[in-house]
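A.B. asks: 3D model of this:
(chains A, B, C and D)
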4 protein chains.
Amino acid sequence: MFSLGHFLTLSSFGESHGTAYGGIISNFPAGIKLNLDLVQVALDRRKPGQSHITTARKEEDQVEFLSGIYEGKSTGAPISFIVKNKDTRSSDYKNIETNFRPSHADYTYEKKFGIRDPRGGGRSSARETLNWVVAGALAKHILPENLAIYSYVSQVGDIIMPSMPDINDDFYLKIESSPVRCPDAMISKKMEDLIQEVKIEGDSLGGVVETQIKHVPIGLGEPVFGKLHAALGHAMLSINACHGFEFGSGFAAASMRGSEHNDEFREDFSTRTNFSGGIQGGISNGMDIYFRVAFKPVASISKVQNFVNKEGVLSPNGIVGRHDPCVVPRAVPIVEHLAAFILADFYLINKIRK
Amino acid sequence: MFSLGHFLTLSSFGESHGTAYGGIISNFPAGIKLNLDLVQVALDRRKPGQSHITTARKEEDQVEFLSGIYEGKSTGAPISFIVKNKDTRSSDYKNIETNFRPSHADYTYEKKFGIRDPRGGGRSSARETLNWVVAGALAKHILPENLAIYSYVSQVGDIIMPSMPDINDDFYLKIESSPVRCPDAMISKKMEDLIQEVKIEGDSLGGVVETQIKHVPIGLGEPVFGKLHAALGHAMLSINACHGFEFGSGFAAASMRGSEHNDEFREDFSTRTNFSGGIQGGISNGMDIYFRVAFKPVASISKVQNFVNKEGVLSPNGIVGRHDPCVVPRAVPIVEHLAAFILADFYLINKIRK
Amino acid sequence: MFSLGHFLTLSSFGESHGTAYGGIISNFPAGIKLNLDLVQVALDRRKPGQSHITTARKEEDQVEFLSGIYEGKSTGAPISFIVKNKDTRSSDYKNIETNFRPSHADYTYEKKFGIRDPRGGGRSSARETLNWVVAGALAKHILPENLAIYSYVSQVGDIIMPSMPDINDDFYLKIESSPVRCPDAMISKKMEDLIQEVKIEGDSLGGVVETQIKHVPIGLGEPVFGKLHAALGHAMLSINACHGFEFGSGFAAASMRGSEHNDEFREDFSTRTNFSGGIQGGISNGMDIYFRVAFKPVASISKVQNFVNKEGVLSPNGIVGRHDPCVVPRAVPIVEHLAAFILADFYLINKIRK
Amino acid sequence: MFSLGHFLTLSSFGESHGTAYGGIISNFPAGIKLNLDLVQVALDRRKPGQSHITTARKEEDQVEFLSGIYEGKSTGAPISFIVKNKDTRSSDYKNIETNFRPSHADYTYEKKFGIRDPRGGGRSSARETLNWVVAGALAKHILPENLAIYSYVSQVGDIIMPSMPDINDDFYLKIESSPVRCPDAMISKKMEDLIQEVKIEGDSLGGVVETQIKHVPIGLGEPVFGKLHAALGHAMLSINACHGFEFGSGFAAASMRGSEHNDEFREDFSTRTNFSGGIQGGISNGMDIYFRVAFKPVASISKVQNFVNKEGVLSPNGIVGRHDPCVVPRAVPIVEHLAAFILADFYLINKIRK
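C.D. replies: Numbering: from 1, shown residues only, chains lettered A, B, ... in the order given. Down below sits the predicted model:
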């Protein structure tokens, strides 16, 4: 009921300081040769501690596959995996056992369930996203080989890329060689500096992850309640700290005229402009898909703020755990792999459609 | 598989010029007294032709209930309904049978399914949204009586409400007495004038619908893939012409600091600020929920643009049907009732949770 | 959640004396030419009043299609239909409004929902099965043309066909020319006589419907929780009055030895025996599928028995409505079309599998 | 899509000789104190090697919980578990890598997926059922404490319990103290002797597991496609080697009259007879539920029979692995725990219904 995907699905589990994360991917096609090293590489891109501007935690997240694969190929059986939790200093989280932190899920989980695992946020922790990266990295094996998903940071705080960059041959390298995963080296440097500054202040920063997808097959997505952009939006809004999603022209479309916004066809059915962001009526039209995901500044800051305990007593606190001042760079592989999973789901469903 | 809701679900059907629209609402609780007049009133708010600035089509959409209701009360059986199509001048749509209109779903439906009902957009028509209004109007009967959903137009083209308005006693009246459903009379007038101007040009306008929800029970929404804001986002992105969704601080959060964005608790567990938009970790915290939905300018304009036929031959065309120059005012009841349905779904699920 | 099928799904609605029955079939493939007359013919086979041994009610059930079909072909959009209720003498059912009939669903519905539509059994009426016949008749359009489903009555009361009959060219004619739908003319006559006898007594009879399916593609069905026979069993057990399901060797397998029961392969991968009933590990193996569905005698009898009212007071009653003394002949097209729907669902899913 | 349950769901994975089995239980209510020892005890009841008449394999199946539990209580988060595979002599299964065994799933899996894990049957192995026992043992924590499920062997080969036994205080002990899990000591001995005899012959035996459920709340089960007996039937038919399911009067109902079969009410709404098996219209009526599950003799026998290879060449083989001559005694805890899971699912859903 609460899983990712329609036909290709991910059911997942795990808490920040529990035994393990993991998931089951159902309806993965049979007979596909899997490069499991690539899955680990994807997971490594998500981990913290990759540069001086991210958290000092070292999560050496190793994915282990438990089923669904035989002699390197998918068998059509559910593919399951786990990632064991290692670096868990539960003592760091002692005072949140009795306190609710502002803008965290402590209070809402407690009120909803009447119980919560307080260690590191429990089920509400962003560590859950490692399940999604594993699932997305597997899903990429289903997609056409030339389909390429480029996610990158386009905004950190008030530092914003002025326009959507063109994708060129070494674009992926540009992203990954930037500590903030911004492909524009100049802007990347500014973002780094800002994050460093804010880190010293014990504060945090929001930002935007932009994504461009090339070589999308025509016809992905379903009418009405299975629209491709709605499924992408749902997935992205499921990422911790996400506060907004727009595709194609996005919010800017609100101030445009139809005569300006309509994407006129060329004789080869491509369009002259692409304000539609590659999706019309919820279905891909073969043009590039692009969308933007907005993240709030993470709530975990060391600056002192009021917590509240179950009795409603306020007390000033700084969060002492090791936390990223800006999670947006680490959100990049999450966005990229969620997109891959969503596309693969519709790609499979499309096999029935004709 | 492609329906609305998780436990309380709407399965729907219909094409613009088919026999009827309709739907089945499953798992509606038993024994609830239903005010079916209110459902029709809700539907009337959605119809075109309500003012001089909307389309001249008269769709006298009458909802008929076929099952699930006995002596005015829900029985726990599926509630089904139909809305017959009436005012269908198929001849208006002749030249789109062989042509693909720019930024419509003509081309993608044709490529995906190999066939399409070309009359009025067929399944891709926004007339589908009348099903959602009926479902949402029924869903309101499940929600707590004091829960109130206020949707209104906050932007049309470049005319924007400067800040989120406070809700007062006659706020709903203010919305409905404005032809564009903007509660600020001065701004409403400007929006009207702009729409009138653009209508004469044969062009169209985008805009934004903003929503505030009061008296939300704590605990609605589910962890990870059932987050309340993700479900709302998915629903809103399913509305025709929608290009973006943000809740709480939204995209503005990207330029904020954590120390500024964190919503500090008061001793009664309410928060001093509400950048979270009433949702933390995907679960309602009892504060007001608010979100914004961006709409592109509708693609149907009478201004001449190139269509393309199946052979790739371009031909200049103006769309001659009767179309709204700005659909955003009519989107207001759609947004409002979709939100009601999503909330009611989680409200029911929560009964199991505890 | 409570619908038929996994990918190809039927959501349905309706009460015995409500406005209409109907359903939505989702994910029906696009571009399939539909013979809607055949759907009506199928529905006519289900209706009561076809012979002197069935109920005198005349339900002239006419199916109307509301969506998903354009110029005689499926469009890939949801196919919806309704069948209006006509011959509803509500007064016949007056005394069951306040009384619970033995072995009906009156009491359980009342206790579960706290309310019920008492007219003709409301949602629990077997009239719901007309939705399934419509859905199955459409589903047949998806299946390979040579796939043939033969359902027939193999037992009425203690009159039992001695062995599973061979299918020959005019087998279908034999079934339909028998008033009890038993292909063996001699046994059919005995069944008729027994039903006539029991009818006069104001009593009712149980029976068994047997089904053989020829030319089944290999590979239908899914491992573990999507087994073909389990899906068939679930569907059949959903038919009113059904009390048992067995496939292949069925309950007789319990007294067999493995060396006797194992179906040895031939060199063409067909098997010498077919105790497996064409299904191994939940997946069709290309041999004939066969299964049996047991029905209890219908609970509605005119013989006097005790009803109980809501206060627990007993009162002797005979059910005065017009009811079949033996529903098993009318169950034949229901079983046949349910089977078609289940097979079509797995047939579509299989397209993704490879 | 292919999981167990509607709201409370089990998604599972695992192959006979893979790394591990396991599953995710979703929507388990929060705050329930869990006795995990009882889960292991349940699992131990399922394992082979418990007596001289079962297989000599020693599967020391240890369940490990990975998530969803904090300080001994459920948190509302997905509960996941794994059971590692240990005693896997892959060499035993060498010749089935290239051969299809009769009446196994080797051939159908190969044809469906184009690939299979041949070791021990891979995904089609009955080891999957250990996942179900774990899930059912957890589900029991949700059910009312006095609800009691008694499953036992009522038939092995042609040795049959003459009538359904009454449940008394030490009934559970009687079941578990019998090596074949038949509560009648005399018949149990006969069954044992028969199994021993057949074991020596290298052959196998079928049988029947009967279940009685006491103290069932009224109202479990849903109309039409969520009927309690249909969900039970679907679950039971998912067990390896199951060939039939009947509840209440079952197949015997086919030869009964309505006047005999109808269960007349008493003044306290209990019924004088219980041919309905505690379920009317798919919904529990508070009377005892009872049903029977038929199992074929297992296909793995050491007696020589023809296998076939991928080229269609036949070769005489005896299966040399260690296999139960009769799996029915081990099916008892599987049936019992599947039933618990199904009941718990409907029990949770019912919380919304009123």
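A.B. asks: chain C contacts on chain A?
C.D. replies: Taking Cβ under 8 Å from any Cβ of the partner chain as the test, the list of chain A residues beside chain C reads A:7, A:27, A:29-30, A:76-77, A:223, A:348-349, A:351-354. For the C-beta atoms, the positions are set from N, CA and C on the backbone; glycine is no exception.
A.B. asks: now, of those residues, which are buried?
C.D. replies: When burial is judged by neighbour count using 16 or more other Cβ atoms under 10 Å in any protein chain shown, the buried members of the residues of chain A next to chain C are A:7, A:27, A:29-30, A:76-77, A:223, A:348-349, A:352-353.
A.B. asks: dump those to TSV, plus pLDDT, secondary structure and distance to C:Ala340.
C.D. replies: As requested, those are arranged in TSV below (pLDDT from 0 to 100; DSSP: H, G, I helix; E, B strand; the rest coil; distance: Cβ to Cβ, whole Å):
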residue	pLDDT	secondary structure	distance to C:Ala340
A:Phe7	96	coil	22
A:Asn27	96	coil	23
A:Pro29	95	coil	26
A:Ala30	96	coil	26
A:Gly76	96	coil	25
A:Ala77	97	coil	28
A:Pro223	97	coil	25
A:Leu348	96	helix	24
A:Ile349	95	helix	22
A:Ile352	75	helix	17
A:Arg353	66	helix	21
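A.B. asks: filtering these by proximity to chain D, which remain?
C.D. replies: A:7, A:27, A:30, A:76-77.
A.B. asks: what is the burial count for the spatially closest residue to A:Leu194 that is not a sequence neighbour?
C.D. replies: On the basis of Cβ to Cβ, 6 or more residues apart in numbering or on different chains, the spatially nearest residue to A:Leu194 that is not a chain neighbour turns out to be A:Gly157, at 5.3 Å. Neighbouring residues of A:Gly157 were enumerated by other Cβ atoms under 10 Å in any protein chain shown; the total is 22.
A.B. asks: A:Arg272 now?
C.D. replies: Residue crowding around A:Arg272 was assessed by other Cβ under 10 Å; the count is 11.
A.B. asks: so it touches A:Asp263, yeah?
C.D. replies: Yes. Applying Cβ atoms under 8 Å as the test, A:Arg272 and A:Asp263 come out as touching, 6.7 Å apart.
A.B. asks: follow-up on the earlier one: filter the ones next to chain D among the buried ones among the residues of chain A next to chain C down to the ones near chain B?
C.D. replies: Intersecting these with the surroundings of chain B, defined as Cβ under 8 Å from any Cβ, gives A:Phe7.
A.B. asks: in CSV, list the ones next to chain D among the buried ones among the residues of chain A next to chain C along with distance to B:Lys111.
C.D. replies: Converted to CSV, those look like this (distance: Cβ to Cβ, whole Å):
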residue, distance to B:Lys111
A:Phe7, 20
A:Asn27, 24
A:Ala30, 28
A:Gly76, 29
A:Ala77, 33
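A.B. asks: D:His234: which of the ones next to chain D among the buried ones among the residues of chain A next to chain C is nearest?
C.D. replies: Sorting these by distance to D:His234 puts A:Asn27 at the head of the list, at 18.9 Å, by Cβ to Cβ.
A.B. asks: is it true that that closest one touches D:Met1?
C.D. replies: Yes. Taking Cβ under 8 Å as the contact criterion, A:Asn27 and D:Met1 are neighbours in contact, 6.6 Å apart.
A.B. asks: mutual contacts of these two, please.
C.D. replies: Taking Cβ atoms under 8 Å, 6 or more residues apart in numbering or on different chains as the criterion, A:Asn27 and D:Met1 both touch A:7, A:9.
A.B. asks: so A:Glu246 is in which element?
C.D. replies: When secondary structure is defined by DSSP states H and E, A:Glu246 falls within strand A:242-247.
A.B. asks: off-centre distance for that strand?
C.D. replies: 12 Å (Cα atoms, centre = their mean, to the nearest Å).
A.B. asks: so which residues of the stretch 201-350 of chain A form strands?
C.D. replies: Counting by DSSP state E, counting those that start in this stretch, residue ranges of the strands within the stretch 201-350 of chain A are A:207-214, A:242-247, A:279-280, A:283-284, A:289-295, A:305-309, A:314-317.
A.B. asks: what's the average pLDDT for the fourth one?
C.D. replies: Confidence over strand A:283-284, taken as the mean pLDDT, stands at 98.
A.B. asks: just the last one next, same as before
C.D. replies: The predicted model gives strand A:314-317 an average pLDDT of 91.
A.B. asks: is it positioned near chain B?
C.D. replies: Yes. Contact between strand A:314-317 and chain B, assessed by Cβ under 8 Å from any Cβ, occurs at A:Leu314.
A.B. asks: so where's chain A uncertain?
C.D. replies: Of all residues in chain A, those with pLDDT under 70 make up the ranges A:49-59, A:87-94, A:321-322, A:353-354.
A.B. asks: who's sitting farthest from the centroid in it?
C.D. replies: Using Cα atoms, centre = their mean, the residue of chain A lying farthest from its centre is A:Glu267. It sits 36.5 Å away.
A.B. asks: separation between that residue and A:Met161?
C.D. replies: Look at A:Glu267 and A:Met161: by Cβ to Cβ, to the nearest Å, they are 33 Å apart.
A.B. asks: cool, A:Ile79 as well?
C.D. replies: As defined by Cβ to Cβ, A:Ile79 lies at a distance of 37 Å from A:Met161.
A.B. asks: equivalent analysis for A:Gly258, please.
C.D. replies: A:Gly258 sits at a distance of 28 Å from A:Met161 (criterion: Cβ to Cβ).
A.B. asks: between those two, tell me which one has more neighbours.
C.D. replies: The residue with more neighbours, out of A:Gly258 and A:Met161, is A:Gly258; 29 against 19, by other Cβ under 10 Å.
A.B. asks: quick one: contacts for that one?
C.D. replies: Under the criterion of Cβ under 8 Å, 6+ apart, the contact list for A:Gly258 reads B:103, B:203-205, B:297-301, B:303.
A.B. asks: show me just the buried residues among the residues you listed.
C.D. replies: So, by 16+ other Cβ under 10 Å, the buried ones in these are B:103, B:203-205, B:297-301.
A.B. asks: can you name the two of these that are farthest apart?
C.D. replies: B:Ser103 and B:Leu205 (14.3 Å).
A.B. asks: what ranges does the stretch 151-300 of chain A have for its helices?
C.D. replies: Secondary structure of the stretch 151-300 of chain A (DSSP state H, counting those that start in this stretch): helices located at A:171-177, A:185-200, A:228-237, A:258-261.
A.B. asks: quick one, which of the ones you listed is nearest to D:Gly219?
C.D. replies: Distance to D:Gly219, taken as Cβ to Cβ, is lowest for helix A:228-237 among the helices of the stretch 151-300 of chain A, at 33.9 Å.
A.B. asks: sorry, back to before: OK, contacts around the residue nearest to A:Leu194?
C.D. replies: Under the criterion of Cβ under 8 Å, 6+ apart, the contact list for A:Gly157 reads A:191, A:194, A:198, A:205-207, A:326, B:254-257.
A.B. asks: surely the residue farthest from the centre of chain A and B:Ser315 touch.
C.D. replies: No. The pair A:Glu267 and B:Ser315 fails to qualify as a contact (Cβ under 8 Å) at a distance of 11.2 Å.
A.B. asks: shared neighbours of those two, which are they?
C.D. replies: For the pair A:Glu267 and B:Ser315, residues contacting each of them under the criterion Cβ under 8 Å, 6+ apart are B:Val308.
A.B. asks: deepest of the helices of the stretch 151-300 of chain A, which one?
C.D. replies: helix A:228-237 (a mean of 28; mean count of other Cβ atoms under 10 Å in any protein chain shown).
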